[in-house]
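1. Based on what follows, work out the 3D shape:
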Amino acid sequence: MDLDAFRAQSRKTWDSTAAGWEARRAFLERNVGDLTDWIIEQIAPAPGQVVLEVGAGPGDLGQRIAELTGPDGRVISTDFSSEMVAVARRLGPSSISTGHWR
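-> Predicted coordinates for the structure are as follows:
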């Protein structure tokens, strides 16, 4: 297996699905909301903390965590797919521009 070809195909696949994740955001939130709640409960983010979210997709989890870390905290969200990052920026809270959510 050519790993470079696999990575390129994987990125292309995730990039092509980003618009669907954006269009179906409310549906996805309803269907994964319990999991999101559980993750937040497990990591127990607190005001002022720094949290790294890897594989953030459209950023819904990171946005919820940012609410809990507050203006003195920071959530750093990243994703393999540049299109998913673009969706997260479009859907993100206004704090993205002030640096609380990246």
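
2. switch to C-alpha atoms for all contacts and neighbour counts from now on
-> Fine.

3. can you pull the contacts of L91?
-> 22, 58-59 (Cα atoms under 8 Å, 6 or more residues apart in numbering).

4. ok, these vs E41, which is closest?
-> Distance to E41 across the contacts of L91 (Cα to Cα) is lowest for G59, with 17.4 Å.

5. Can you give me the pLDDT of the closest one?
-> G59 is assigned 91 on the pLDDT scale.

6. Can you tell me the closest non-neighbouring residue to it?
-> A88 (4.9 Å; Cα to Cα, 6 or more residues apart in numbering).

7. Backbone dihedrals for the one you found, please?
-> phi -60, psi -40 (degrees, to the nearest 10).

8. Need the pLDDT of it.
-> pLDDT, A88: 92.

9. Over to I76?
-> Reported pLDDT for I76: 92.

10. The one 5 residues further on too?
-> Among the per-residue scores, S81 shows a pLDDT of 94.

11. which regions of this structure lie under the pLDDT threshold?
-> 93-102 (pLDDT under 70).

12. what ranges do the helices span in the protein?
-> With DSSP state H as the criterion, the chain has helices at 3-23, 25-43, 60-69, 82-91.

13. hey, which of those helices is tucked in deepest?
-> Mean neighbours per residue, mean count of other Cα atoms under 10 Å, is largest over the helices of the chain for helix 60-69, with a mean of 22.

14. Any chance you could list what contacts that one?
-> 36, 40, 45-50, 53, 56, 73-77, 88, 92-93, 100-101.

15. Please report how far D37 lies from E29.
-> 11 Å (Cα to Cα, to the nearest Å).

16. Same question for L35.
-> With Cα to Cα as the criterion, L35 and E29 are 10 Å apart.

17. What residues does the residue nearest the centre of the chain make contact with?
-> Centroid check for the chain by Cα atoms, centre = their mean gives G59 as the closest residue, at 2.2 Å. Applying Cα under 8 Å, 6+ apart, one finds that G59 lies in contact with 77, 85, 87-88, 91-92.
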